[in-house]
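# Dropping the sequence and predicted coords here.
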Amino acid sequence: MKVVIFCGGAGTRLKEMTEDLPKPLIQVGGKPVLWHIMKVYQARGFNEFVLCLGYKGDKIKEYFEKNPENEFKIDFVNTGDATTPKSERLQKIKEYITEENFLLAYGDDLSDVDINEVIKNHTESKNTVTITVINPRSDFGVVKIDDANKVTGFEEKPRLKNAWISGGYAVVNKDIFNYLSLGELENEVYKKLVEENKLGVFKHEGFWKTMNTFKDHCELEEMWKNNDVPWRIK
């Protein structure tokens, strides 16, 4: 099963770091975040990758050609500039998908999700797309208050109740290519799948962290320095 990874955006929320590098090449612990994501898949038995390149994509290709030590099998595909919608990027890699399903990830999310469990869920449910979802934490500490407006306690960055966000790490049936002309992947395409009851989720309660901002990057680097690396599968 091929692993398709979106690597083409400009990473504008990390602009101070992406003037010269595409976001997937920003390093955590001396290795690009993209390399860490690929190692998550490799550790689960998946080693064939299709990288959807865009913004500074030549640098991603150059990195892996100069550092072949992990023996990833990679197809590098130029799927458009930084503004190209994800649905168009997928259209451009259609010829690389020969099996019934493929795996889909973003080039900035780290997790210890068990990919094989997501696949099992996807196969049993017969969805067109199964996305991994995460119960996020609040960015702020919470003040607990009783009916008399007295503070009863504090909770540091609790998980949000009844809230789930997409964490990437999806499994996708090749039928998706029949829907991509509808518009953007996460808007028109997924909305159509919802209408047809063909979009499912796998609830992941383990580690997940995105690298969207400079703060995120600093936190990941700090985790690495402290040998707190839950996404590293041994």
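That came through, no problem.

# okay, CA-based contacts and neighbour counts for the rest of this
Fine.

# Show me where the chain has its strands.
Taking DSSP state E to define them, one finds strands in the chain at 3-7, 27-28, 31-32, 48-53, 73-78, 101-106, 109-111, 129-134, 142-145, 151-155, 165-166, 170-173, 199-204, 208-210.

# in the protein, which spans are helices?
15-18, 33-43, 57-66, 86-91, 115-125, 190-195, 214-225 (DSSP state H).

# ranking these by burial, who's on top?
helix 33-43 (a mean of 21; mean count of other Cα atoms under 10 Å).

# Where does pLDDT dip in this structure?
234 (pLDDT under 70).

# Need the outlier residue of it, farthest from its centre.
Largest separation from the mean C-alpha position in the chain: A148, at 44.0 Å (Cα atoms, centre = their mean).

# Tell me which residues touch that residue, please.
Residues in contact with A148 (Cα atoms under 8 Å, 6 or more residues apart in numbering): none are found.

# cool, and T132?
If you count contacts by Cα under 8 Å, 6+ apart, then T132 has V118, S166, G167, G168, Y169, A170, V201, F202, K203, H204 around it.

# Let's see that with 6 Å instead.
By Cα atoms under 6 Å, 6 or more residues apart in numbering, T132 lies in contact with G167, G168, Y169, A170, V201, F202, K203.

# If we ignore the residues flanking it in sequence, what's nearest the residue most central in space within the chain?
Nearest to the mean C-alpha position of the chain, by Cα atoms, centre = their mean, lies Y106 at 3.2 Å. Take Y106 and drop its neighbours on the chain: the residue closest to it by Cα to Cα, 6 or more residues apart in numbering is F6, 5.0 Å away.

# Correct me if wrong: the one you found contacts C52.
Yes - in this structure F6 lies within contact range of C52 using Cα atoms under 6 Å: 5.0 Å.

# These two: who's more crowded?
C52 (25 against 21; other Cα atoms under 10 Å).

# Nearest to F76, out of the helices of the chain?
Across those, F76 has its closest neighbour in helix 57-66 (6.7 Å, Cα to Cα).

# Provide the contact partners of the closest one at residue level.
Counting by Cα under 6 Å, 6+ apart, no residue sits against helix 57-66.

# how about 7 Å then?
G8, L25, F76 (Cα atoms under 7 Å, 6 or more residues apart in numbering).

# thinking again about what came up before, from H217, how far out is the residue nearest to the centre of the chain?
For Y106, the distance to H217 (Cα to Cα, to the nearest Å) stands at 16 Å.

# again, but for I233
From I233 to H217 the distance is 20 Å (Cα to Cα).

# Same question for S87.
On the measure of Cα to Cα, S87 and H217 end up 27 Å apart.

# With N78 instead?
From N78 to H217 the distance is 26 Å (Cα to Cα).

# Same question for K157.
Applying Cα to Cα to K157 and H217 gives a distance of 19 Å.
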